[in-house]
Structures are given as structure tokens and as C-alpha cells.
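J.: no FASTA, just this:
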């Protein structure tokens, strides 16, 4: 247990990954501009809204020039990139505000939702996984496993609608959406907490099967291994065997899983936020995409890509720490 | 901000975990706040969210903003009345100058006095091409605006434009705030400051707008102290939350509004509108552009059936952009549903039935496509009914769904199921719909309608302030539309609202096509008072 942390190797891996991220991020932002350019949506129409239906062509052309969407793709991308590097993320046309502000006031709510959901998924997944893995083929195992397989196939938005129907409409126990009560205009912790329950639960539960199945497998396998049998033979208590031996090796695959679930979590959050009118970044993303709001769309994509890359790095670091045989990149 | 935020996040996460365990036993009625309490607050559910709250970008252009006032305002009968001006304008130089005297003692909600400078700033900024205002065309007649002292504003027009006074219901922005920031993206676009009866206290995009009464409002502080507009796009969810007591009122489609008929505590409001549905008959299509085909379709369509079946009675037949109950409607231009008459017109024009029942003339089949906006159930129903009515006369119309991106490039030759409508002056709709010079200009004159008599009458109508001459001009337009209909107008649609019957004061205005924030019985929420004197405890 007294092993010193391999700081040097970890830093080198982080550095290598950071360097590799640069071309990836560049390619991703360019792809966003290219895809948006090819999309059939017209940013000027989206900006004008209903007013666009009575506006003159001259008025619309002026808007096109003001918004700068009539210039070539490469120019726009390069201008966005260079000003983004100096810290100016540009203005969101659809929100009528600077992109940094739009993201700033929404990101927190998305992070709150995602982190809560992640904790729920990990905690519940581990607990159920251990219970099921302890006696594979038992009643708990069969019940939970079949539910998990079903959940794996269920899309998050469907779970969300189901949850609204049951908890909000049938039971009336929990609010169906929003960050706070409709009539309230101040954001208080207890209101947010109550409104967080359903979306976080739905998002957490939608991620649960993977954690559960990994832990169940890991714990089950570990219990069959020689050290555990040895420990049992030495007469150690079942709980010590479980937590000390089986869980430690059973948890290993979970570490990689945590990193690789990040993209799923982001897309899941997108759907869940939409279903529950959670004022996070998802609603902005959908709006940015359908109105071809280049600056907002590009910034959000960079953010999502960075989150995925960071997630992968984190899980590789943890895995390298937990199992020295794996090491840090070669 | 970040550190504080992170701590807040951690705390909220913890609270979330606690609530998670307590959720099962929480009070079932806890979401239904508001109902039963003191009625000094109102929560209404609306379907549309504004893009911006800045008058400079077009918010409040039709008056009735809760946050801002215009120089003038519309009353319940859509008659102009003074607001920030003390009286209706003095019109001089044959309709080329409009002079307004401003109300004294009015302040913006930040305490700064309102003056003529603010009016000039507002209109000049809108006219500036660098301002991203998509409604600028509506002020096309305006050449310049100047302040004479602190309390007088003079507008100079390019050409005499009779309905100009009705454009001055436009919300006025404060120069001392808005002039200091980027007009297109500054904080003012989402944190407005105005002279209006309410002050915006929060705007959670996609969720709700919250307002509190402006205690210093020049027309008296409103009795409804807190006002919330919840943005709920889905009709069913809106109805559910209204039933659950989460909302005090909501806009609803006819079938959902009918579900509240027996609810004694709620009242259904039917707003008359200028909101029409029409089929454009493009002049450049060799079938739809033919006058005989146009007249035949005009008679073949069963408008009353559409009102009864599609709108469930909430609407009326339309024969032009002007609704039949408007004072501007030309009596006698109603067309009866007359299938035989339609067939006779086609026979006489040489459209003979072909082997498949579709009429043919000089080798041209009487067929054309009709586009409607995909996802819009109401337009789809209208389009399908129109297709089936046309089929009975031997005209083969193919209904096709598409987004505006798909439809727009085809508008010159393909028919479109379109909607629109602006109450107020007859010029607002008819000029943009029918003027030949505006053919293909954005979404104006989508049918490329081209009729010299109509062009002249439209110009006569807007260039004179003489009511008799104006009436004659718009009568001419409507009678020309009988002789050569470039559009088949189908229905005018009522807008339905269900509201708690707890206040005195709600009423409805004649409403435009789009359900803006100003539409609905809450157009005058500042004038509402609680019904029972004892109800307001606080």
C-alpha cells in the first residue's frame, strides 16, 4: 500500500494526450462548420423567426450580411478559431448574447445533473452488482439482471416520459419539469433539489446497467479465484472476503467504464434535459443546431469533445494506478 | 463565480440525494402552489417564446408589451389610445409629418425619466441597417425622426402612409441603457428596462418569464403583483398543468379547451382573430395562374365544413385577409359553396374532363402541387380538405409536406398552404399579400399576384387619411379578389384560452396570426383585480 505514485509517468501521459487533443479538436470544430454549412436550415430564417415571414428580401439580405453567414465556410471557421483562441467565443445569434455568457449560465445545471446521475449510477450499480455477483443465478441476480438488460435497451427520453407519467401525473409526488416551481422566480436549493430528483434518477438509471453488469461479472469472477477460496479456507468472515478481495479486483473494470461512459452521459443528458425542461446546456445545443448558430454550436462541440477526451484520460490514469501491469501508455 | 458555483453545486447535489430518499413521502399537493392562495399573482402557460425582449430587435412592435410602452396603445376594440404620448398625433403636410406630445413625469423602471431622446433613439436604432431587426420593413414609410425639446417628437415620412400612427404602438427603449451596449447581443436584449406596468425579474430560456408589478407605473400600479409566463410548447402538457393547478390560465387548441367546459372555476375565452389560412395560387403556374381555375376553386371549396370539422366551430369562413366581422369587410363579397357553378366556369373556359376525370386544356392537365408545413396538423387538415374539394371539380392537387427550406424555392410555381394576419389597419396584410411589386420579396406576395386595379387601390388606401376614400379603396381590392382570386382564403381561426375565473378585468383583443406574448386574455393583466375583496390576504 505504501507504493509511491508514479507522478512522472502520469504527467507524461497527460502531456501526450493533450498534444493529441489539439488536432482532434481542430478537426471537430471544422466538421461542425462544414456539417452546419451543408444542413438545409437557414440561419437568417431561424434568427428572424415569425418576423421573417413578413420581412422584405432587402431586410433579410441585410440580416444575412450583419450575421456574417454569407461568407465562405473557411473564412468563418478561421475567424471563429482565431478569436476563440484569444478568449472571445463570439456572439450567439439565436440567444442574442455572447456565447461565453450562454454557456456560463447553463453549464452548471448540466454538470449538476450529470454528476448526480453518475453518482447514482455508480452507487446503485456497485451495490446491486455485489449483491447479484455474490450468488450468481440466485433470485436477486436473476431479477436485477433481467431489469438491467431491459434498461440497457430503453432510451433515456422514454424513461423520462414514463417517470413524468408515473411520479408527476399519477402520484403527483414530484414536479414534472423545470428548475424551480413555475410561480417562483428565485432559485432556492430545496426547490432545485426537488426538481432534480426525477431527471437525475432517470439519467442515472439509464446508465446503471453497464455499471451493474461490470461489477456483477467482476465480483463473481473474483469469488471463484484462488485467493478468495484461500481466504475462505483460512476462515475469514464473508464480509471481509467480499470487500477485501472480491470487490477490489471486481471494481477494476469499472474504472475504464467510468471514462468510456462520458459520451453516453452527455447524449443521455441532452435527451433528459429536453424532456424535463431542465435549463442546462442541452436545450441550447438543440436550438443552436436547428438554427445553425455557428459560434454557439462550435463552442458546445469543443466542450463535449474535451469532456470525452478528459474522461478517457481519467479512466486510463486510474487504471494505470490500480493495476501497475497496465502502465501509462506506451 | 466558479468557486461559489462549485460549492453551490456540491450543496445542491447533497440536497438532491436527501430529497431522493424523501421523495416517496413528499406532499402530493406540493407542485400546485398558487391556487387557493391570495390571488395577487398569476401564472399563465404560453406556447411560444420570444427571441428577444429588446424593442430595438422587434419585441413589442405591435404594442401590449408588459415591460414597455409605446407612444400609443390599442384598446380592447383595437382603437388607438394615447400611452406615452398625451394624445393622438397631429398629422400635417398632407400626411407626411406626425407630431406627438409626450407624457410628463414618466420614468423607466431604473428611475431615469423618459424623454423625447428615448423615442428618437429607439426609432433611429431600428432604422439603422446594422441593427438585426427583422421587422424593419414595417417602418418603411419612416424617413426620419427628431426631438423638439424634451416633450415633443416629430416623425417625417417618405410618402403619406395612413396607418403610420398604428406603427407607433412600438415599444420605446431607454437610451441611457441601450445606447451603451451592442444593440444585437448586449445584456439589454435579455434584461430589459422599460416604462411598462411590469418589470422582468427573470427569464429562464425555454422555461419561463417572471415579472413583478412596477409600483411606479404611470398608469397606476397593477393589482396582480406577480405575473409568470411559463413556456410549455406541448399542448397536452399545458392542459395537464392547467388542470393540476400549476397554471392559472393557458392557450389551448379547441379539442383540449373543450375538456374544461364543465369546470365552474375556469372560464374559456375565445379571441377573434385576423389569423387566416389560405392557399396561394401562383401566377407563374399555368394551371393555378388561370383565372377560371382560381374562380372555380374559390367556389368549390367548402369553407363552412372546414370550420365545423377542422376547427370544431372555433373560427369562421374567410374570403380575403379581412375577416367577415371586421368593419373593413366589403359586404356582399362572401362566396357560396357552389360545386355546379365551379364546374360551369371550368367548362366555359375550355377545361374539359380527361379520361382519368382530371380536366385538360390544350394538352395541359389541371394539376399542381400544394405544399404545407410539415408537423403543422392544422395546415395539413386544411390542405387535405382543399385537395378533396378541388378533386370534385376535376382539378388534381397533390398535397405535399415540407419545411420552409424545402417550400421556399418552389413558391413561385407551387401552391402553398399559408397563414398570416395582422389586425389593425387593412393595409398591413393586403399590401404585403397583393402588391405586384412585392412578388417574391421574401415571403411577401407569395402567389406573385399581379393586378393593376388592386395595385392602384392599395396605393390609394395607404396614401390618404380620408376614411371614405380608404373604405372605397379596400372595397375595390376585395371585389377584385372575387373576379380574380390569387389566393383561396379558407378560414379565420379563433384562439382559445382557459383562465381561472378569479379576476375582474380579463378580456380579449382581436389577435394576429402569431400568438405573441401580448395575445390572450392577459393582454391587459395590469388592469385585473381579484374578484373577491377578501381573497387577497397579504
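T.: Received the coordinates, thanks. Just so it is clear, the model here is predicted, and its values are computed rather than measured. Numbering: from 1, shown residues only, chains lettered A, B, ... in the order given.

J.: give me every residue in the stretch 151-300 of chain B lying close to chain A.
T.: Counting by CB under 8 Å from any CB of the partner chain, the stretch 151-300 of chain B comes close to chain A at B:182, B:184-185, B:187, B:189-190, B:201-202, B:204-208, B:210, B:212, B:226, B:228, B:230, B:237, B:240-241, B:244, B:246-247. All C-beta spots, glycine's among them, are computed from the backbone N, C-alpha and C.

J.: which among these end up buried?
T.: Among these, those classed as buried by 16 or more other CB atoms under 10 Å in any protein chain shown are B:184-185, B:187, B:189-190, B:202, B:204-208, B:210, B:212, B:226, B:228, B:230, B:237, B:240-241, B:244, B:246-247.

J.: before we move on, the earlier item: in strands only, show me the residues of the stretch 151-300 of chain B next to chain A.
T.: With strands defined by DSSP state E, the entries of those inside them are B:201-202, B:204, B:208, B:210, B:212, B:226, B:228, B:230.

J.: counting neighbours, what do you get for residue B:457?
T.: Look at residue B:457: counted by other CB atoms under 10 Å in any protein chain shown, it has 21 neighbours.

J.: that older thread, any idea which of the ones in strands among the residues of the stretch 151-300 of chain B next to chain A is least confident?
T.: Lowest pLDDT among those: residue B:204, with 82.

J.: for that one, name its beta-bridge partners.
T.: Counting by DSSP bridges, residue B:204 forms beta bridges with residue B:208.

J.: that one: what's it in contact with?
T.: A:178-179, A:279 (CB atoms under 8 Å, 6 or more residues apart in numbering or on different chains).

J.: pretty sure residue B:289 sits in a helix.
T.: No. Looking at residue B:289 with DSSP: H, G, I helix; E, B strand; the rest coil, it is coil, so not inside a helix.

J.: count of neighbours near it?
T.: So residue B:289, with other CB under 10 Å, has 19 neighbours.

J.: over to residue B:139?
T.: Neighbour tally, residue B:139, other CB under 10 Å: 20.

J.: in which helix or strand does the nearest residue in space to residue A:21 that is not next to it in sequence reside?
T.: If the residues on either side of it in the chain are set aside, residue A:21 comes closest to residue A:309, at 5.2 Å by CB to CB, 6 or more residues apart in numbering or on different chains. Per DSSP states H and E: residue A:309 is located in helix A:294-322.

J.: show me what that helix is packed against.
T.: Counting contacts by 3 or more CB pairs under 8 Å, 6 or more residues apart in numbering or on different chains; DSSP states H and E, helix A:294-322 packs against helix A:7-38, helix A:73-85, strand A:91-92, helix A:99-134, helix A:252-260, helix A:262-275, helix A:281-290.

J.: just name the most buried of those.
T.: Neighbour counts (mean count of other CB atoms under 10 Å in any protein chain shown) averaged over each of the helices and strands packed on helix A:294-322 peak at strand A:91-92, with a mean of 24.

J.: rounded mean pLDDT for that strand, please.
T.: Across strand A:91-92, pLDDT averages out at 86.

J.: what pairs with that strand, parallel or antiparallel?
T.: Using DSSP bridges, the strands paired with strand A:91-92 are strand A:97-98 (antiparallel).

J.: contacts for the partner strand next, please.
T.: Strand A:97-98 has contacts (CB under 8 Å, 6+ apart) with A:89-92, B:185, B:187, B:189-190.

J.: nearest to residue A:195, of the residues you listed?
T.: residue B:190 (22.1 Å; CB to CB).

J.: how about residue A:13: what's its closest non-neighbour residue?
T.: The nearest residue in space to residue A:13 (CB to CB, 6+ apart) is residue A:328, at 4.1 Å.

J.: surely that neighbour meets residue A:317?
T.: Yes. With contact defined as CB atoms under 8 Å, residue A:328 counts as touching residue A:317 (7.3 Å).

J.: now the common contact residues for these two.
T.: A:10, A:13.

J.: what is the neighbour count of whichever residue of the stretch 51-200 of chain B sits closest to chain A?
T.: Proximity of the stretch 51-200 of chain B to chain A (CB to the nearest CB) peaks at residue B:134, 3.5 Å away. As a burial measure, residue B:134 scores 26 neighbours (other CB under 10 Å).

J.: gap between it and residue A:40?
T.: 20 Å (CB to CB, to the nearest Å).

J.: quick one, strands of the stretch 251-400 of chain B?
T.: Listed in chain order, the strands of the stretch 251-400 of chain B (DSSP state E, counting those that start in this stretch) span B:266-271, B:276-280, B:315-317, B:352-353, B:359-361, B:364-365, B:367-373, B:396-402.

J.: and the residue nearest to residue A:13, what does it touch?
T.: A:6, A:9-10, A:12-13, A:316-317, A:320.

J.: in terms of helices and strands, where is residue A:61?
T.: Applying DSSP H and E, one finds residue A:61 within helix A:57-67.

J.: what residues of that helix count as buried?
T.: Buried-residue list, helix A:57-67, by 16+ other CB under 10 Å: A:59-60, A:62-64, A:66-67.

J.: ok, and of those, which contact chain B?
T.: Subset of the buried residues of helix A:57-67 in contact with chain B: A:59-60, A:62-63, A:66-67, counting by CB under 8 Å from any CB.

J.: could those residues go into JSON lines alongside pLDDT?
T.: Output for these, formatted as JSON lines (pLDDT from 0 to 100):
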{"residue": "A:59", "pLDDT": "87"}
{"residue": "A:60", "pLDDT": "87"}
{"residue": "A:62", "pLDDT": "89"}
{"residue": "A:63", "pLDDT": "87"}
{"residue": "A:66", "pLDDT": "87"}
{"residue": "A:67", "pLDDT": "84"}
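
J.: how many other residues sit next to residue B:524?
T.: Counted with other CB under 10 Å, residues neighbouring residue B:524 total 19.

J.: that one and chain A, how far apart?
T.: 21 Å (CB to the nearest CB, to the nearest Å).
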